[in-house]
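Enquirer: give me the fold of what follows.
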Amino acid sequence: MKVVALIPARYQASRFPGKLMADLGGKPVILRTYEAVKKTALFDDVIVVSDSDEIISVVRENGGKAIKSLKEHSCGTDRIAEAAEQIEADIILNVQGDEPFTNRDSLKKLLQEFEDDKSNTIDLASLMQQMSDQEQIDDPNYIKVVVNRNNDALFFSRSPIPYDRNKSVNAKYFEHIGVYAFRKQALLDFYHAPPTPLEESELIECLRYLEMGKTIRMVETDYMGIEIDTPEDLNNAQKFIDQE
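Expert: Numbers count the residues shown, from 1 in each chain. Down below sits the predicted model:
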């Protein structure tokens, strides 16, 4: 099974433009993400896919691999899918460029799902972690996911799901972490399908997979990483590095 990690890296970002080139402990965020993924030694290849010559240059100048997108893309999945069409691989792993603390154990758990899936029923796998902070549960910037008994995703939402109407049940909330592993064909199917109603309503791209009938296996982890979405996130990430 050939496994390739692709890191989508768009320069512009609505909440934090240029965040992937922001300094984090003496290195750009994108370079720290690339190095973290490479360090896992889980992949046959690791490649940054970007629309930015600046991002591509900094990765290559530090010994990494990077390719430029040929088209404009509205989401990272489309960006890596364009590149994946030209790459020989069975499994494509997507690590967001703003995830500089990606750890090996979490990625290994994702890949193990495909190793164990002898009947090829899983189209893609992703990570989730339990949430306890009510402010984060209520925050639409944190994507929540609910699963069935096999840990396959039932729905993703920016709203708190499940709705905690019966307080005696002590509902659990899980945050969806934007790290995916795809069978290559599932990724290409997504790329060649138009956006779907639920996806456009919630602005959550993985809802397109569910609306297409794909199976998304969710893997629970105690990941607790820091995704760089805002300048405040960058400050928190710097504090984390300073404490190491």
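
Enquirer: and the helix or strand hosting residue 238, what does it pack against?
Expert: Following DSSP states H and E, one finds residue 238 within helix 231-243. Applying 3 or more Cβ pairs under 8 Å, 6 or more residues apart in numbering; DSSP states H and E, we find helix 231-243 packed against strand 23-24. In short, each C-beta sits where N, CA and C put it, glycine included.

Enquirer: helices or strands next to the strand it packs on in the packing?
Expert: The elements that strand 23-24 packs onto, with contact taken as 3+ Cβ pairs under 8 Å, 6+ apart, are helix 231-243.

Enquirer: where exactly do the helices run in this structure?
Expert: Along the chain, counting by DSSP state H, helices occupy 29-39, 53-61, 76-84, 104-116, 134-138, 184-191, 197-202, 206-211, 231-243.

Enquirer: show me the contacts for the closest residue to residue 50 other than its chain neighbours.
Expert: Distances taken as Cβ to Cβ, 6 or more residues apart in numbering put residue 9 closest to residue 50, at 4.0 Å, once the chain neighbours are dropped. Counting by Cβ atoms under 8 Å, 6 or more residues apart in numbering, residue 9 makes contact with 20, 30, 48, 49, 50, 52, 55, 66, 97.

Enquirer: roughly how far does residue 9 sit from residue 229?
Expert: 14 Å (Cβ to Cβ, to the nearest Å).

Enquirer: hmm, back to that, of the contacts of residue 9, just say which sits nearest to residue 190.
Expert: residue 49 (15.2 Å; Cβ to Cβ).

Enquirer: does that closest one really touch residue 67, like I thought?
Expert: Yes. When contacts are counted by Cβ atoms under 8 Å, residue 49 is listed as touching residue 67 (5.7 Å).

Enquirer: quick one: the worst-scoring helix or strand of the chain on mean pLDDT to helix 184-191, angle?
Expert: Comparing helices and strands within the chain by mean pLDDT, DSSP states H and E singles out helix 76-84 as the least confident, with a mean of 85. Put simply, helix 76-84 runs at 120 degrees to helix 184-191, going by axes from the mean of the first three to the mean of the last three Cα atoms, to 10 degrees.

Enquirer: thanks a lot, catch you later.
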